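Chemist: sharing a model prediction with you, sequence too.
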Amino acid sequence: MKKTWVALAVAGAFVAGAAQAQSSVTLYGILDVNYMWQERPTNVGTTAAPRFQLESVSAINGGHQFGNRWGLRGSEDLGGGLRAIFQLESGFNIDTGTMGQDNATNAQGTAAVSTASGRLFGRQAYVGLSSGWGSVVAGRLATFSSGTGAFDMFSAVDPFGTGFGLASLGQTFISANALRLDNTVAYVSPKFAGFTGGIGYSTNINGSEVTPSGGNATAFASGLNWSYGPFYAVVTYDVVNAPDAAAGQASRPDQKHLQIGGTWAIGPFKLHAAWADQSNVSALAGPGGPGSFLVLPAGLYYDNNAYMLGATWNIGAFSVFGSWQSSNAKGKQYCVLATGTGCANSQNFEPDYDVYGIGGTYNFSPRSALYASYASRDANGTLIGNQFNSKQLAIGMSHKF
């Protein structure tokens with residue numbers, strides 16, 4: 001009888017072990033909290049007659065180095081080298097306990113309207129298949145250019161890892177501002193000769209699709225990176241196709257973002273550089289939350305080039321990094337449309353500005369770190385109403401689990 005129980009226990013342990021080997025689910029997350037001082041433009045007028053001036057504020061803030069998040073990721077071995085994979089990732093505000101994808105801030109740091117309220121897994125939500133030929137996934141995805149997410153290719157180019165608020169590359173590189181797309185299917189290749197590529201398509205970048213199909217804002221995303229020894233290089237290209245013109249509205253041109261960047265490690269130092277060409281930058285109806293294509297006053301468009309140079313110095317548990325960014329608009333003259341049949345007025349919108357940032361981290365362990373950063377944005381272009389000068393100082397801690 002004892003031998004029978006022993007045999008059953010051994011068999012049960014073997015079955016459980018085999019099941020565990022075939023399928024796995026991991027709970028993970030990042031907690032990030034800081035003290036922050038900011039000087040930023042504030043509307044001291046009214047909605048009808050805005051008047052901006054610089055005001056300062058001190059606050060306990062969350063998500064500076066990393067966006068606060070928790071998530072589940074997992075896979076199941078289907079045999080023959082094929083695996084089912086999934087990831088669900090929810091963002092939240094650690095300072096208030098609220099969900100993190102309910103409100104947006106555009107690249108200039110001003111408030112943006114979002115229809116993303118109610119997203120439980122607003123950072124990522126996808127399922128797919130993976131094997132030696134690559135991965136095919138579908139759901140809500142961060143793009144290859146976004147600087148975040150499971151398939152990101154661009155955060156390594158930024159000394160700040162596309163984090164640290166005002167110092168982030170997303171201040172001037174629009175797609176690198178955590179761009180996410182709903183209703184997306186994507187393919188990511190395996191690494192071959194140092195290269196990894198990916199393409200994706202969204203049938204509507206924000207919210208459920210509508211009828212007819214022409215009423216949806218669709219998007220194409222792509223990326224290709226290469227790594228060899230101390231070198232890393234990447235190019236990404238995103239296109240958003242605006243929905244068909246509604247009654248009384250003007251049609252909008254396709255918005256296109258080309259980003260190119262790379263790094264070169266030299267001992268404890270790493271050099272960073274990037275360039276972007278961003279055309280027909282404009283507002284879209286129903287922007288998709290944080291990291292959406294840039295939100296602008298209705299009717300305004302512009303073309304833009306962005307540049308970044310930076311460096312990182314690793315000294316044991318310490319890392320020190322800094323960068324300079326520049327946003328250089330083409331200064332086009334656009335018509336602000338009132339009804340689609342004529343111009344209410346015509347304005348020159350040329351958002352030129354420079355961003356300077358410096359920061360550092362001290363790693364207590366691979367999971368816990370202290371950080372500090374300072375950044376300044378200096379505007380020198382032709383802007384509308386809002387002077388985009390801003391400063392930001394933060395001291396905080398992050399913990400991964």
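Modeler: Arrived safely. Residues are numbered from 1 along each chain as shown.

Chemist: who does the one helix or strand residue 309 maps to pair up with?
Modeler: Assigned by DSSP states H and E, residue 309 belongs to strand 301-315. Strand 301-315 pairs in its sheet with strand 269-282 (antiparallel), strand 318-329 (antiparallel), by DSSP bridges.

Chemist: redo these as TSV? Include mean neighbour count.
Modeler: Heads up, the C-betas are built off the backbone N, CA and C, glycines and all. Shown next, in TSV, are the strands paired with strand 301-315 (neighbours: other CB atoms under 10 Å):
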stretch	mean neighbour count
strand 269-282	19
strand 318-329	19
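
Chemist: out of those, nearest to residue 141?
Modeler: Closest approach to residue 141 among the strands paired with strand 301-315 (CB to CB): strand 269-282, 20.4 Å.

Chemist: what's the average pLDDT for the closest one?
Modeler: Mean pLDDT, strand 269-282: 92.

Chemist: picking that back up, let's have the strands paired with strand 301-315 in a markdown table, adding distance to residue 55.
Modeler: Below are those laid out as a markdown table (distance: least, CB to CB, whole Å):
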| stretch | distance to residue 55 |
| --- | --- |
| strand 269-282 | 27 |
| strand 318-329 | 23 |
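
Chemist: for the strand holding residue 309, buried residues please.
Modeler: By neighbour count on 16 or more other CB atoms under 10 Å, the buried set for strand 301-315 is 301-302, 304-308, 310-312.

Chemist: now stretch 253-271, how far from the centre of its chain.
Modeler: Taking CA atoms, centre = their mean, to the nearest Å, the mean C-alpha location of stretch 253-271 is offset from the chain mean by 15 Å.

Chemist: same deal with stretch 226-238?
Modeler: 18 Å.

Chemist: what's the answer for stretch 180-195, then?
Modeler: Worked out by CA atoms, centre = their mean, stretch 180-195 lies 16 Å from the chain centre.

Chemist: how long is that stretch end to end?
Modeler: This stretch, stretch 180-195, spans 23 Å end to end (CA to CA, to the nearest Å).

Chemist: for stretch 237-255, same thing?
Modeler: For stretch 237-255, the end-to-end distance is 11 Å (CA to CA).

Chemist: give me the neighbour count for residue 231.
Modeler: 12 (other CB atoms under 10 Å).

Chemist: is it true that it touches residue 263?
Modeler: Yes - the pair residue 231 and residue 263 passes the contact test of CB atoms under 8 Å, sitting 7.4 Å apart.

Chemist: ramachandran angles for residue 380?
Modeler: Residue 380 adopts backbone torsions of phi -140, psi 20, taken as degrees, to the nearest 10.

Chemist: which ones are touching it?
Modeler: Listed by CB atoms under 8 Å, 6 or more residues apart in numbering, the contact partners of residue 380 are 352-354.

Chemist: mind doing that once more with 6 Å?
Modeler: residue 352 (CB atoms under 6 Å, 6 or more residues apart in numbering).

Chemist: helices of the stretch 201-350 of the chain, start to end?
Modeler: In the stretch 201-350 of the chain, no segments count as helices under DSSP state H, counting those that start in this stretch.

Chemist: where does it dip in pLDDT?
Modeler: In the predicted model of the stretch 201-350 of the chain, residues 245-251, 283-300, 331-349 satisfy pLDDT under 70.

Chemist: what segments of it are strands?
Modeler: 218-228, 231-241, 255-266, 269-282, 301-315, 318-329, 333-337, 343-348 (DSSP state E, counting those that start in this stretch).

Chemist: tabulate those strands (JSON lines), appending distance to residue 93.
Modeler: Listed next are the strands of the stretch 201-350 of the chain as JSON lines, based on distance: least, CB to CB, whole Å:
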{"stretch": "strand 218-228", "distance to residue 93": "27"}
{"stretch": "strand 231-241", "distance to residue 93": "27"}
{"stretch": "strand 255-266", "distance to residue 93": "27"}
{"stretch": "strand 269-282", "distance to residue 93": "28"}
{"stretch": "strand 301-315", "distance to residue 93": "28"}
{"stretch": "strand 318-329", "distance to residue 93": "25"}
{"stretch": "strand 333-337", "distance to residue 93": "34"}
{"stretch": "strand 343-348", "distance to residue 93": "35"}
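
Chemist: closest to residue 202 out of those strands?
Modeler: strand 218-228 (4.3 Å).

Chemist: residues of the closest one that come out buried?
Modeler: Residues of strand 218-228 classed as buried by neighbour count (16+ other CB under 10 Å): 218-227.

Chemist: contacts for the top strand by length along the chain, please.
Modeler: Using DSSP state E to define each element, the chain has its longest strand at strand 23-43. With contacts defined as CB under 6 Å, 6+ apart, strand 23-43 is touched by 50, 52, 54-59, 61-66, 68-74, 76, 94, 386-387, 390-396, 398-401.

Chemist: got it, and stretch 79-91?
Modeler: 67, 69-78, 100-101, 120-128, 130-132, 150.

Chemist: CA atoms only: put that stretch into PDB for me.
Modeler: Taking Å, rounded to 0.1, in the frame of the first residue of the first chain, the C-alpha atoms of stretch 79-91 are listed here in PDB:
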ATOM      1  CA  GLY A  79       5.000  21.300 -29.600                       C
ATOM      2  CA  GLY A  80       7.200  21.300 -32.700                       C
ATOM      3  CA  GLY A  81       8.800  24.500 -31.600                       C
ATOM      4  CA  LEU A  82       5.500  26.400 -31.600                       C
ATOM      5  CA  ARG A  83       4.500  28.400 -28.600                       C
ATOM      6  CA  ALA A  84       1.300  30.400 -27.600                       C
ATOM      7  CA  ILE A  85       2.300  33.700 -26.000                       C
ATOM      8  CA  PHE A  86       0.400  36.500 -24.300                       C
ATOM      9  CA  GLN A  87       1.000  39.700 -22.300                       C
ATOM     10  CA  LEU A  88      -1.400  41.900 -20.400                       C
ATOM     11  CA  GLU A  89       0.100  45.100 -18.900                       C
ATOM     12  CA  SER A  90      -1.800  47.800 -16.800                       C
ATOM     13  CA  GLY A  91      -0.400  51.200 -16.100                       C
END
